[in-house]
Each structure stands twice: as structure tokens, then as C-alpha cells.
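In: need a structure here:
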Amino acid sequence: MADDRRALVLGGGGITGIAWELGLLAGLAAEGVDLADADLIVGTSAGSVVGAQLACGADVEKRYAAQLAPTAGEAAAALGPRTLLRLGLAMVGARDPQQARARIGRLALATPTVPEEDRLAVIGRRLVSHVWPERDLLITAVDAGTGEFRAFGRDAGIPLVAAVAASCAVPGIWPPVTAAGRRWIDGGIRSAANADLAAGYERVVVLAPLTRGIGPLTPVGTQVEALRTQSRVALVSPDAAARHAIGRNVLDPAHRAFSARAGRAQAKAAAAAVREVWTG
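Out: Sure, this is the predicted structure:
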């Protein structure tokens with residue numbers, strides 16, 4: 001086990017998840033708990049955007065303020081009943097999680113979406129740098145062809161923007177991303193947070209806008225309980241007020257500002273438990 005090293009895990013949850021995480025991070029910093037100094041940052045889907053921002057030195061207060069500004073260049077989307085049904089059917093009868101992920105990948109590859117280059121441009125505008133940071137940052141994704149799970153770092157040989165776009169490539173909504181000769185989709189179809197990547201770190205904080213598991217998705221709580229056998233772990237997910245602010249569609253930019261404010265407000269209640277794990 002690493003000697004008292006700290007890992008920050010940032011889970012997926014759509015555009016509202018980005019906002020909630022940034023609000024929470026800014027609120028925790030205001031309470032004297034700075035999670036940006038983590039030795040390792042793990043980002044999945046929405047968390048990959050926030051993780052890349054933090055690892056590249058973004059000011060969380062400024063990033064929070066940006067969530068309150070009018071949205072520009074962010075298209076609304078939704079996992080409608082038809083898409084959810086197709087995703088559910090893709091998982092029926094799968095022998096193991098990787099096979100289920102491969103089926104979801106085939107669905108993603110076959111679904112017409114916006115052009116890949118357009119999506120890369122949107123992701124590029126969300127980041128504060130397009131260069132991999134020197135700090136340890138892992139961005140999760142899944143091979144759309146094989147269902148293989150990957151955690152990309154600076155030595156993976158793919159651009160940071162591509163890694164983040166891949167991690168955010170919600171199947172059936174956004175296009176799979178081409179990198180290293182493969183097509184990649186959302187790391188959140190393996191787990192909403194992939195918190196097990198923090199194994200070996202003494203102190204772990206998990207911010208998870210979504211926690212449930214279905215089909216091949218391992219519940220965040222299951223991974224957190226496994227981590228707790230060897231690490232001190234704090235898990236923060238949206239409280240009732242934040243869930244109301246986020247609403248039912250995590251891909252709707254109209255709820256971004258509400259989600260950010262709810263995350264910041266929640267930080268006051270979460271600060272003591274997070275501080276105990278992070279610095280106690």
C-alpha cells in the first residue's frame with residue numbers, strides 16, 4: 001500500500017454531474033478541504049472532465065463560476081425510453097460483464113450521432129489544457145469492439161481531449177471516439193466511478209453523482225466497501241436537495257447552474273467526513 005497517499009475519485013453523471021462535482025469541490029475548498037492536492041485523480045465520464053481540469057491546475061472557484069454562466073455550445077440530450085430499452089436488451093443473456101459491455105459498444109457503433117469531430121470540439125472547450133498533466137491522472141473508457149476496460153494515463157499515447165471524450169461517450173447518445181486504432185465509449189458502463197482504481201491508497205475520497213449498478217455496472221458502494229478493507233474512504237453522492245436540482249435528465253444543460261449551486265451547498269454538510277478522511 002502507498003504510504004498515506006491520497007486518491008480522489010470523480011464519478012460519472014452527465015453535464016449536471018460535472019456541475020455538481022465542481023460546486024462540491026469549490027464548497028469543500030471554502031471549508032478548508034482542498035481535494036485538488038490528491039496524489040492520484042481518477043475520472044470517469046463527467047468525472048473525467050473535472051479530473052482533467054483539476055490535474056491541469058484549474059482554479060475550482062473559477063470553474064464553479066463558469067457553471068453558473070449561460071450554456072454555450074452544449075447540446076441538450078437525453079437517454080430516452082427507446083435508448084434505455086436498447087441498452088437493456090443489449091445486456092440480456094451476456095455471459096459476463098465484458099461481453100455485456102461489448103454488446104453495448106456495438107450498439108454505440110451502430111447508432112447515428114453527431115460527428116465525432118464536433119463532439120471532440122465540445123470536450124476540448126470544457127478543458128483548461130489539452131496537454132496531459134505531470135500529475136497522476138487516470139481517465140477511464142471501454143473498447144467499443146471488445147468491451148475491454150482501460151484507464152488512460154499520460155503514457156497511453158493518446159491525446160488528453162480524446163481520452164476525456166471517450167470517457168464521456170455515452171452509448172446511443174454521443175459517438176465512440178477513435179484513439180490508438182480503436183473506438184472507445186464511456187468508462188461509466190463498467191462502473192459509475194471505477195473507484196477500485198484507487199486501491200492501494202491510504203486515503204480515498206469518492207465523489208459520485210450516480211452510484212447505482214445495473215447489468216454490467218458495478219455499484220459504487222460495492223467498490224467503496226472493498227476499498228474500506230484497506231483504506232480510509234469517504235463517499236459523497238447527491239443529497240435530496242441536489243437530486244432535486246439535478247432533475248431526471250443528467251444530460252440537460254438547463255440544470256447545470258442549479259446542480260452546481262446544490263453541490264456547493266452540500267459541501268457544508270459533507271466537509272467534516274471528507275476532512276476526517278483527507279487530513280484527519
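
In: distance of the closest residue to Ile41 other than its chain neighbours from Gly247?
Out: Among residues not flanking Ile41 along the chain, Gly51 sits closest, at 4.5 Å (CB to CB, 6 or more residues apart in numbering). C-betas here are computed from N, CA, C, even on glycine. Distance from Gly51 to Gly247, counting by CB to CB, to the nearest Å: 24 Å.

In: which of the two has more neighbours?
Out: Between Gly51 and Gly247, Gly51 has the larger neighbour count (other CB atoms under 10 Å), namely 27 against 13.

In: wait, doesn't that one sit right on Leu40?
Out: No: assessed by CB atoms under 8 Å, Gly51 is found out of contact with Leu40, at 9.9 Å.

In: Show me the common contact partners of the two, please.
Out: Here Gly51 and Leu40 share the contacting residues 8, 137, scored by CB atoms under 8 Å, 6 or more residues apart in numbering.

In: Show the backbone phi and psi for Leu87.
Out: Taking degrees, to the nearest 10, you get phi -70, psi -40 for the backbone angles of Leu87.

In: residues touching it, list them.
Out: 79, 104, 107, 171-172.

In: Let me know how buried Ala65 is, in neighbour terms.
Out: Ala65 has 13 nearby residues by other CB under 10 Å.

In: again with Gly280
Out: Neighbours of Gly280 (other CB under 10 Å): 10.

In: one step back: wait, which of the contacts of Leu87 is closest to Ser259?
Out: Among these, Leu79 lies closest to Ser259 (CB to CB), at 16.8 Å.

In: The closest one - nearest residue in space that isn't next to it in sequence?
Out: Ile173 (6.6 Å).

In: on that earlier part again, looking at the contacts of Leu87, which has the most residues close by?
Out: Pro171 (28 neighbours).

In: hang on, the residue nearest to Leu79 packs against Leu84?
Out: No: between Ile173 and Leu84 there is no contact under CB under 8 Å: 11.0 Å.

In: the more surrounded of these two?
Out: Ile173 (21 against 12).

In: Please report how far the more buried one lies from Val114.
Out: 9 Å.

In: ok so, going back, can you put the contacts of Leu87 in a markdown table and add pLDDT and secondary structure?
Out: Output for the contacts of Leu87, formatted as a markdown table (pLDDT from 0 to 100; DSSP: H, G, I helix; E, B strand; the rest coil):
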| residue | pLDDT | secondary structure |
| --- | --- | --- |
| Leu79 | 72 | coil |
| Ile104 | 93 | helix |
| Leu107 | 92 | helix |
| Pro171 | 94 | coil |
| Gly172 | 91 | coil |
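
In: so can I have JSON lines of the residues you listed showing distance to Gly157?
Out: Converted to JSON lines, the contacts of Leu87 look like this (distance: CB to CB, whole Å):
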{"residue": "Leu79", "distance to Gly157": "31"}
{"residue": "Ile104", "distance to Gly157": "25"}
{"residue": "Leu107", "distance to Gly157": "27"}
{"residue": "Pro171", "distance to Gly157": "24"}
{"residue": "Gly172", "distance to Gly157": "28"}
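
In: Understood, closing this out.
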